[in-house]
Each structure stands twice: as C-alpha cells, then as structure tokens.
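Trainee: Let's see this in three dimensions:
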Amino acid sequence: MKRRSFLVGASALTLGQLVSGCNSQQDSLKVRILKDSLPPQLRDEFHKILKKPATLKFDIEAQLQDLFKSLQTWKQEGAESKTEGQRTLPFIENFPLIGKKKPALANLVTLGDYWLEKAIRQQLIQPLNIENLKGWQQLPRPWQEIVKRNRQGQLDKSGQVWGAPYRWGTTVIAYNRDKLKEQKLEPPKDWSDLWNLKFRGRISLLDQPREVIGLTLKKLGLSYNTVDLSQVKDLEKELLNLHQQVKFYSSNNYLQPLILGDTYVAVGWSTDILATASSYRQIEAIVPRSGTALWADLWVQPASSGTSGANSVETGEGQSLVQQWIDFCWKSKPAQEISLFSNATSPIILSTNSADLPKDLRENRLRLPDASVLNKSEFLKPLPDSSIEQYKQLWEKIRLSKISR
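Mentor: Just a heads-up that it's a prediction; the model follows:
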C-alpha cells in the first residue's frame with residue numbers, strides 16, 4: 001500500500017456500504033472511509049449511544065488515492081456551481097475520478113497524514129472545531145502536533161487543527177523466518193542490519209525517497225526530516241551501499257516475494273505486514289530499535305460540507321454528529337477495538353495504562369512498540385521546496401546507479 005504517494009494502492013475495506021436509520025427528517029452523518037481501517041461493529045455501537053435518532057451512512061473506499069480524489073471532486077463541483085451552470089473540463093492534472101460514479105458529499109473522510117499538506121493547500125478541507133472534543137487532550141503530543149497547521153499546510157503549534165488521528169502505524173522490517181533459519185542468518189533488529197552483506201540481493205525496499213533516505217539518515221543517527229542533505233557526511237555512500245543490497249523497490253508488491261522466499265527481508269508498512277503475518281506464519285517483523293517513521297489515518301472535514309446537518313451543534317452535550325463520531329473513536333472501548341481489529345493502533349492506546357489493555361495488544365510489539373522505540377520515531381513532516389528537490393535529485397542518482405552482484 002503506497003501511503004506516501006498520490007498513486008496509492010491501499011488495502012481494501014470490508015465494511016461495505018453501511019446505513020442505519022431511514023427517516024429523512026433525521027440528522028444524518030455521512031462518512032467516507034478507508035477499507036479495513038475500522039471494525040464493522042463500531043457503526044452499530046455508535047448508533048446505540050446517540051441521544052437523538054440519526055441516519056448513519058458509511059461509504060467504503062479501497063484506496064487513499066480515491067479518497068483524496070473525492071475531496072478534489074467535491075471542491076471542483078463547488079467551484080462549478082458558482083459559474084452560472086457552465087461546465088468545465090476536469091482538472092486532469094489533479095487526477096480526477098474518471099469513469100467512476102461521483103461520490104456523494106460526505107461530512108467526514110479518511111485521509112493519511114502525508115496528504116494533509118496538499119489537502120490544505122488546495123483548500124479541499126476545513127479546520128475542525130476541537131472545543132467540544134473531549135478526547136483531544138488524551139492524544140499524545142506528536143499526534144496533536146502533526147495535525148496543527150497553518151493555511152499553507154505547514155506545521156504550526158499555534159495553527160488550527162485540520163484532522164483527527166484515529167489510528168496509526170509504523171515503517172517496519174519484515175523477514176521470512178524460515179528462510180533466515182535455513183540460511184543460518186540472524187533476524188534483523190535495526191536499520192543497520194540492512195547493510196549486512198549476507199542479505200545482498202535478498203532485500204526489497206519501499207519505492208519512496210523519504211522512506212529510504214529517511215531510514216539511512218536514521219542509521220546515521222539523524223532525523224527522517226533532515227532539511228539539508230548536503231550537510232550529511234557519507235549519506236550518498238551509505239545509500240549506494242544499500243542500493244547494492246536491494247533485489248527490487250516496490251511499495252505495493254513486496255509481500256508475495258517475501259512469502260515465497262525470493263526475498264528474505266522487506267521494508268514495509270505495519271498495516272500490510274500485520275495482515276500478511278496473520279495468514280503466513282513464516283512472516284515476522286520488527287520495529288527498528290533506533291526509531292522509525294510513523295504514519296496516521298485522520299478524520300478530515302471536506303471544505304464543501306458546510307456547517308449544517310451533521311456539522312451543526314444540534315445533538316447531545318452540545319456536540320454535532322461529526323464531533324460525536326470523532327469523540328466516540330477516541331473512547332477507550334472503540335480505541336481498543338480499532339487497535340485489535342484494524343491492523344493499526346489508536347493513538348488513545350498510548351495514553352492508556354498498559355495493565356488495562358488486552359494481552360494481545362499489550363504484548364504485540366508491531367501494534368504497540370516499546371516506548372523507548374516510539375520516543376525515537378517521527379512522522380514525516382512537510383519539507384521546504386529546496387529540501388524536496390535535494391531528496392529528489394539524490395533519489396534519482398541512487399536509483400540510476402548500476403547494481404553489481
């Protein structure tokens with residue numbers, strides 16, 4: 001699943017289209033959600049706690065890419081409605097939905113944190129009102145800070161809140177336990193192990209410059225979010241050496257070769273690895289102990305959704321339906337269900353006493369890494385344009401380098 005790219009291939013959802021309530025006079029909440037990012041039972045549990053009848057509709061989308069396109073489509077339709085009925089050509093450069101039914105406008109949409117800057121810059125979403133969100137204060141500081149942005153989408157501790165994180169995961173190192181045992185190789189424990197010559201030609205890496213350059217920076221004791229790569233001694237040398245280790249780069253086709261043993265080690269996203277490891281017992285994984293990259297899925301509010309209906313303060317405890325849903329996802333029981341059944345973890349779990357967590361969650365180091373590792377991990381933050389160009393040029397140079405066996 002390409003979490004870091006516009007050409008995203010996310011895993012599919014199993015909720016299907018879920019609708020509760022049928023009275024057209026009721027308030028309604030429409031949510032467009034990433035497949036498999038929520039347990040299906042949460043919809044029914046939420047419906048039971050509502051103090052006023054409401055219609056709930058959950059539309060499932062298999063890819064983060066298409067969720068972002070939905071936001072673009074709604075923004076475009078809003079602009080077209082102001083041109084006195086004139087029709088315009090689709091914004092091809094913004095990857096519109098082509099050949100698909102236009103999605104109905106939602107009150108909330110799943111969006112990955114890496115897409116937040118673009119969504120704000122393109123004015124696709126609006127800030128969230130967190131005054132009535134009781135769960136906000138339970139979020140760990142990094143999960144609060146990653147969604148506080150200015151109007152250009154840049155991190156700003158005094159900025160508005162543009163998303164509500166409801167689950168998160170990590171970049172991990174997965175390996176085929178049986179193949180390593182057969183070859184009498186020790187499992188990897190940290191990023192530096194990827195440079196082990198015994199793994200030469202048996203590693204796959206994500207096809208993402210921020211991920212690969214970032215893990216190399218981490219090996220060197222630096223940050224994923226290093227701004228000036230020209231000041232990093234030996235970075236290019238380290239990347240070229242790592243490049244010689246690689247069998248292939250892929251962000252969405254790296255699991256099958258690992259299962260079959262064509263590769264022994266793969267860098268991937270925890271949500272993919274957790275799903276695979278549950279079916280293929282030979283696949284195991286670790287969160288590198290020097291720290292890793294974090295990602296989060298957020299609830300965002302489309303700019304076109306307005307301030308009426310589900311977004312207005314008309315329901316119990318002075319909260320809108322939108323606010324009630326977000327707060328519900330941050331409650332202890334739903335947070336634990338998300339963490340156990342969605343191949344990702346609720347940020348609320350990090351503020352929960354470990355003794356109060358189920359054993360399957362408390363002892364699973366992919367779902368809940370050690371605090372010492374998390375403290376050294378970081379979200380991929382927006383970089384200046386000059387830094388982005390540095391990453392791009394270095395990535396192209398490495399990828400064009402010849403691999404010799």
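Trainee: When you work out contacts or count neighbours from here on, use the C-alpha atoms and nothing else.
Mentor: OK.
Trainee: Show me how far stretch 127-139 is from its chain's centre.
Mentor: Taking CA atoms, centre = their mean, to the nearest Å, the mean C-alpha location of stretch 127-139 is offset from the chain mean by 20 Å.
Trainee: report the longest helix in the chain, please.
Mentor: Longest helix in the chain, counting residues (DSSP state H): helix 64-80.
Trainee: Enumerate the positions of that one that are buried.
Mentor: For helix 64-80, burial by neighbour count (16 or more other CA atoms under 10 Å) applies to 64-76.
Trainee: Helices of this structure, start to end?
Mentor: Under DSSP H, the chain gives helices at 41-49, 64-80, 116-121, 141-145, 177-182, 209-219, 235-245, 255-260, 270-277, 321-329, 332-341, 359-362, 371-374, 385-399.
Trainee: What are the buried residues along the fifth one?
Mentor: Put plainly, it is helix 177-182. So helix 177-182, judged by 16+ other CA under 10 Å, has buried residues R177, D178, K179, L180.
Trainee: on that earlier part again, in TSV, list the helices of the chain along with distance to G291 and mean pLDDT.
Mentor: TSV is the format used below for the helices of the chain (distance: least, CA to CA, whole Å; pLDDT from 0 to 100):
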stretch	distance to G291	mean pLDDT
helix 41-49	32	94
helix 64-80	25	88
helix 116-121	23	98
helix 141-145	14	98
helix 177-182	22	98
helix 209-219	7	98
helix 235-245	18	98
helix 255-260	22	97
helix 270-277	14	96
helix 321-329	27	96
helix 332-341	20	97
helix 359-362	19	95
helix 371-374	5	97
helix 385-399	20	97
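Trainee: Adding distance to S158 as columns, could you present those helices in JSON lines?
Mentor: Putting the helices of the chain into JSON lines (distance: least, CA to CA, whole Å) gives the following:
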{"stretch": "helix 41-49", "distance to S158": "32"}
{"stretch": "helix 64-80", "distance to S158": "25"}
{"stretch": "helix 116-121", "distance to S158": "16"}
{"stretch": "helix 141-145", "distance to S158": "9"}
{"stretch": "helix 177-182", "distance to S158": "47"}
{"stretch": "helix 209-219", "distance to S158": "26"}
{"stretch": "helix 235-245", "distance to S158": "34"}
{"stretch": "helix 255-260", "distance to S158": "41"}
{"stretch": "helix 270-277", "distance to S158": "31"}
{"stretch": "helix 321-329", "distance to S158": "21"}
{"stretch": "helix 332-341", "distance to S158": "27"}
{"stretch": "helix 359-362", "distance to S158": "34"}
{"stretch": "helix 371-374", "distance to S158": "24"}
{"stretch": "helix 385-399", "distance to S158": "22"}
